[in-house]
Structures are given as structure tokens and as C-alpha cells.
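Novice: what would the 3D arrangement of this be:
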Amino acid sequence: MLKEAGMEKINFSGGEPFLQDRGEFVGKLVQFCKQELKLSSVSIVSNGSMIRERWFKRYGDYLDILAVSCDSFDEEVNVLIGRGQGNKNHIENLQRLRKWCRDYAVAFKLNSVINRFNVHEDMNEQIKALNPVRWKVFQCLLIEGENTGEDALREAEKFIISDEDFERFLDGHREVSCLVPESNQKMRDSYLILDEYMRFLNCRNGRKEPSKSILDVGVEHAIKFSGFDEKMFLSRGGKYVWSKADMKLEW
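Specialist: So this is what the prediction gives:
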């Protein structure tokens with residue numbers, strides 16, 4: 001239905017997409033979207049903790065971009081933020097994933113959420129060494145019911161930084177050519193998000209307000225309640241070369 005409505009790109013995120021059968025489920029979705037739907041771009045956002053090389057061997061051909069979440073290159077800071085992976089070293093695992101992306105011709109992307117615990121960190125050297133196609137730098141965002149409020153699964157108030165702090169972090173990394181900044185304002189209105197019930201989630205009012213499911217009312221009707229701002233999408237660089245077939249990559 002989404003393809004028929006004009007969808008060109010799909011991104012699977014979570015939660016952690018590789019939790020289900022260590023990625024077999026999302027692998028089959030990726031393969032379907034590329035092989036059957038023939039979408040221009042299929043991507044995944046993951047913390048990388050459960051990805052194995054055998055997944056790349058089986059599904060790497062169908063994946064355009066793997067975005068790995070990395071908020072710090074200091075293991076102690078990762079633990080403070082909640083990115084600790086037990087006995088695993090998050091940074092070593094990140095480097096291993098970077099190598100697999102090169103080996104299996106998958107574009108490598110990094111996502112970092114800038115917050116109170118990493119806002120003063122200098123990441124220039126590490127980002128340049130990893131050389132991602134894009135480094136998405138997000139300002140920590142409060143979403144009612146998700147990371148703030150009575151029913152929230154976690155409390156994010158202690159992570160919040162000011163707009164000025166976020167701008168200072170960006171200024172300190174202005175020489176990183178792949179950096180793509182996303183302030184709170186840009187994030188709220190510029191994504192088309194579907195939940196597990198195939199409902200668009202409108203974040204304009206600081207919480208995720210669901211539309212009716214596209215399975216019940218169709219894409220054209222449901223998308224009217226998505227809160228999507230196409231101009232903001234374009235201004236944040238949402239449209240870019242997102243198919244690995246069109247990328248000139250140094251694998």
C-alpha cells in the first residue's frame with residue numbers, strides 16, 4: 001500500500017530491530033522491500049549489539065544503509081547514557097560493524113543523540129576515522145509518554161540540553177563534512193513514522209499521537225494526520241543520495 005502511494009525509501013528502527021530471531025525477521029523485510037517492492041532505499045537503525053556477520057552474508061545485498069547508534073566514544077559515558085552493552089565494548093563492536101559494511105557493500109551511517117553527558121565530547125577524530133556516509137547528530141528530544149511523563153518507559157529530563165549547547169557542539173564539529181544536524185524543531189515535524197499497527201505518529205504536540213491505521217482507512221486518509229512537514233523534511237536534508245547503487249563509496 002505504501003509503495004503504491006509513492007514510497008521510495010523505508011527505514012526500520014525500534015526498539016532494536018535485531019531482537020527478533022537475531023535479525024531474521026527484519027532481514028526478510030529488507031529483502032522483500034528491495035527485491036519485491038524494488039524500493040530505491042532500504043535502511044536499518046540499530047545499536048549494533050546483536051548483528052552478526054552471517055546476517056550480512058544473507059541479507060547485505062538488499063540493504064542500502066545501516067545506521068548505528070553511537071552517542072559517545074567513551075565507554076564510561078556510554079554506560080551513563082544507557083548505551084552500555086554488558087561485557088561487550090561498544091566502540092570495538094562499532095569498528096567491527098564498519099568493517100562488515102565495507103566487506104558487504106552496505107553504506108555505513110552513524111546516529112548520535114547529543115545530551116548532557118556527551119555535549120562537551122570532541123568526536124572529530126573518531127568520526128573521521130570511521131568515515132560514515134552520514135553522521136546524524138540529534139538534539140535530545142522529549143516525547144510525552146515515551147521518555148517523559150507518568151506513563152513513560154524512561155525519564156529523559158536529566159539528558160536535555162539547551163539550543164545554545166547543541167549549537168556549540170555543532171560548531172566544534174563543523175569540519176566533519178558528513179555531519180547532518182537535527183534540532184528538536186526539525187525532528188518533530190519532518191518524519192513519517194509508522195508504528196506496529198501501521199498508524200502514522202504525529203509528534204507536533206510533543207507526544208506521538210496516532211492516526212487511524214492505513215489497513216483500515218488507506219494511506220491517503222491516514223497520512224493527513226501524520227503532522228508531516230515536507231518543507232522541514234527538505235530543509236533538514238531528508239532527500240539525499242540514499243540508494244547504494246547511486247553512491248560513490250570507498251567500501
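Novice: show me the helices in the stretch 51-200 of the chain, by range?
Specialist: Under the criterion DSSP state H, counting those that start in this stretch, the stretch 51-200 of the chain carries helices at the ranges 53-59, 75-81, 90-103, 124-130, 163-172, 184-189.
Novice: which positions in the third one come out as buried?
Specialist: Within helix 90-103, the residues that qualify as buried by neighbour count (16 or more other CB atoms under 10 Å) are 90, 93-94, 97-98, 100-101. All C-beta atoms are positioned from the backbone trio N, CA, C, and that covers glycine.
Novice: again, but for the fourth one
Specialist: Neighbour counts over helix 124-130 (16+ other CB under 10 Å) mark 126-127, 130 as buried.
Novice: between those residues, which sits nearest residue 170?
Specialist: Of all these, the one sitting nearest residue 170 is residue 127; the distance, using CB to CB, is 12.7 Å.
Novice: what residues are up against that closest one?
Specialist: 110, 135, 173, 176, 178-179 (CB atoms under 8 Å, 6 or more residues apart in numbering).
Novice: over to residue 179?
Specialist: By CB under 8 Å, 6+ apart, the contact set of residue 179 is 127, 135, 137, 170, 173.
Novice: the third one contacts residue 109, correct?
Specialist: Spelled out, it's residue 137. No. Contact criterion CB atoms under 8 Å: residue 137 and residue 109 do not qualify, at 11.7 Å.
Novice: okay, now residue 159: neighbour count?
Specialist: By other CB atoms under 10 Å, 22 other residues sit near residue 159.
Novice: tell me which of the helices of the stretch 51-200 of the chain sits nearest to residue 226.
Specialist: Nearest to residue 226 among these is helix 184-189 (9.7 Å), distances taken as CB to CB.
Novice: before we move on, back to that, now the helices of the stretch 51-200 of the chain as CSV including distance to residue 207 and mean pLDDT?
Specialist: What follows is the helices of the stretch 51-200 of the chain, written out as CSV (distance: least, CB to CB, whole Å; pLDDT from 0 to 100):
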stretch, distance to residue 207, mean pLDDT
helix 53-59, 34, 98
helix 75-81, 23, 86
helix 90-103, 30, 93
helix 124-130, 32, 96
helix 163-172, 21, 95
helix 184-189, 10, 71
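Novice: out of those, nearest to residue 230?
Specialist: With respect to residue 230, and counting by CB to CB, the nearest of the helices of the stretch 51-200 of the chain is helix 184-189 at 9.5 Å.
Novice: got a list of what residue 220 touches?
Specialist: Contact partners of residue 220, counting by CB under 8 Å, 6+ apart, are residue 5.
Novice: kindly report the same for residue 209.
Specialist: 201-203, 225, 227.
Novice: looking at the buried residues of helix 124-130, which is nearest residue 77?
Specialist: Distances from residue 77 to those, taken as CB to CB, are shortest for residue 126 (12.6 Å).
Novice: for that closest one, what are its contacts?
Specialist: Residues near residue 126 by CB under 8 Å, 6+ apart: residue 73.
Novice: do the one 10 residues further on as well
Specialist: Contacts here follow CB under 8 Å, 6+ apart; on that basis residue 136 touches 67, 109-112, 180, 182.
Novice: got a winner among these for most neighbours?
Specialist: The most neighbours of any of the contacts of residue 136, using other CB under 10 Å, belong to residue 110, which has 25 neighbours.
Novice: what bridges to it?
Specialist: Note on residue 110: beta-bridge partners by DSSP bridges are residue 68, residue 135.
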